[in-house]
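Q: here is a sequence with its predicted model. Questions after.
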Amino acid sequence: MREYLVVFLVAGAVTYLLTVVAREIALRTGAVAAVRDRDVHAEPIPYMGGLAMLGGLVAAYLVARQLPFLSTQSGEFIFPDVRAVLMAGALVCAVGVLDDIFELDALTKFGGQVLAVGLLVYSGIQFRFFYQPDGVQFALDSSQGALLTAFIVIATVNAVNFVDGLDGLAAGVVGISALAFFTYCYTLTSINGVTRATAGALLTAALAGACAGFLVHNFHPARLFMGDSGSMLIGLVLSASAITVTTQFSSDDIALGADGARASLLPMLLPLALPILILIVPLADLVLAVVRRTRAGRSPFAPDKQHLHHRLLEIGHSHRRAVVIMWFWAGLIAFGTVLASLYTGPTVWVAIGSGFGLTLVLTFLLPKVHGPLVEAVEAGLEPTGLVEAEVDAEVDAEAEAVDTAGAGPPAEEHPGGPPG
């Protein structure tokens, strides 16, 4: 666990530092998000956060190769698989960088995503088989496995791209999902007594760190956007992490959870279901957007301002609160899925039900109690501080009015005197 923590911290620190460099590159190349009617930011913000996140992932990979436990216990497939995922991520990130600068059309971006999936399949990272609950293997031929891999990866990439509409939203959702999948990988290997050095655990630990490091610059008010270079990168890494689980373990290794429970409600579909379940919020947003646009006679790729995060703003949530609530939904689904996959009993369902109830309250009841007290809490002020701030503002305004009425011509400032 300590070495995975090191991987997390390295990815986060390097991403945090490289974000400044990525911002400068974006400004020099003109990769800046202009303010549009469907956007929620009020001033142009640079893109290319994906470059910083890619740098953090690569740095975490290089450090992991030197750590004693991971370097000796990883086996012959771990680091090659991680390297292949990062290479595919670099390819799709490059396509995203071009889109951030030149605004590529949807078909060109889709072609780049297909090429990245092709690199994954060529490197051996694809669905090959599933295990049924009775241990019988359900095999896929190479073309079936490649098509299923392409569907899962491309769907996840575009779901993350769709949800990237508020400051910190996509990075937070993917970071939470990565932590949930890391918990699944690490706990499952611990329960079944197999090596804890896995490609899925390494990738998701690094991905969670990269998202955390980027969030420092991206949480509202954002100083940098991840752009398509970042959203496509983290979507690919997350989905590919789940696929690597099927290439390393046998059915006996991943079939059992704690206390003899099954490792999933549907063990055969676990690698297929997890990427979908942990991203159910952005995937639902994607499906609703496609249905909404096609029913209106528009292209499924035509932008609008009716995503889930836009609707949260409409019902009264602030920008930051809307983001945090969507994080709650992502965490509830991601960790709820992992909890139900590894453990059984009423305690599990009580915990999931309690989380669901709390999230519902935060989503729908919090806007109804929105008032001066809530605004004060969000601003970091106590109610008395809010009153004092208002009184001070009124006094300052009155003093300024008196000074303006009785003031003569402005005095000449002395060079080297105190600033006005």
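A: Right, received. Where do you want to start?
Q: quick check on Gly345: phi, psi?
A: phi 110, psi 160 (degrees, to the nearest 10).
Q: for this structure, what's the longest helix?
A: For the chain, the longest helix by residue count, based on DSSP state H, is helix 2-29.
Q: only the buried residues of that one, if you could.
A: By 16 or more other CB atoms under 10 Å, the buried positions in helix 2-29 come out as 3-4, 6-16, 18-19, 22-23, 25-26. Where you see a C-beta, it was placed from the backbone N, CA and C, and this is true even at glycine.
Q: before we move on, what about stretch 205-223?
A: By neighbour count on 16+ other CB under 10 Å, the buried set for stretch 205-223 is 205-215, 217-220, 222.
Q: in strands only, show me those residues.
A: Using DSSP state E, no member of those falls within strands.
Q: what's the closest of those to Val63?
A: Nearest to Val63 among these: Ala206, at 9.3 Å, using CB to CB.
Q: ok, and the closest non-adjacent residue to that closest one?
A: Nearest residue to Ala206, sequence neighbours excluded (CB to CB, 6 or more residues apart in numbering): Ala60, at 3.7 Å.
Q: pretty sure the one you found is touching Tyr4, no?
A: No: in this structure Ala60 lies outside contact range of Tyr4 using CB atoms under 8 Å: 9.9 Å.
Q: common neighbours of those two, please.
A: Ala205 (CB atoms under 8 Å, 6 or more residues apart in numbering).
Q: specify the residue ranges that define each domain of the chain.
A: Structural domains annotated on the chain: 2-344, 372-397, as defined by automatic domain parsing.
Q: what's the most buried one of those domains?
A: Stretch with highest mean neighbour count among these: domain 2-344 (a mean of 20; mean count of other CB atoms under 10 Å).
Q: can you name the next helix or strand after the longest helix of the chain?
A: strand 32-33 (DSSP states H and E).
Q: low-confidence stretches in the stretch 101-250 of the chain?
A: 129-138, 192-193, 196-197, 246-250 (pLDDT under 70).
Q: all the helices of it, residue numbers only.
A: Using DSSP state H, counting those that start in this stretch, the helices of the stretch 101-250 of the chain run over 106-122, 142-163, 169-192, 199-218, 227-248.
Q: report the angle between the first one and helix 227-248.
A: Spelled out, that is helix 106-122. Comparing the axes of helix 106-122 and helix 227-248 via axes from the mean of the first three to the mean of the last three CA atoms, to 10 degrees yields an angle of 30 degrees.
Q: just the angle between helix 106-122 and helix 142-163, please?
A: 130 degrees.
Q: His217 is in contact with Tyr16, correct?
A: Yes: with contact defined as CB under 8 Å, Tyr16 reaches His217; the gap is 7.3 Å.
Q: check contacts around the residue nearest to Ala206.
A: Listed by CB under 8 Å, 6+ apart, the contact partners of Ala60 are 7-8, 10-11, 14, 205-206, 209-210.
Q: could you rerun that using 7 Å?
A: Residues in contact with Ala60 (CB atoms under 7 Å, 6 or more residues apart in numbering) are 7, 10-11, 206, 209.
Q: same deal with Leu67?
A: 3, 6.
Q: and the pLDDT for it?
A: On pLDDT, Leu67 comes in at 88.
Q: and it, backbone torsions?
A: Dihedral angles (degrees, to the nearest 10) for Leu67: phi -80, psi 140.
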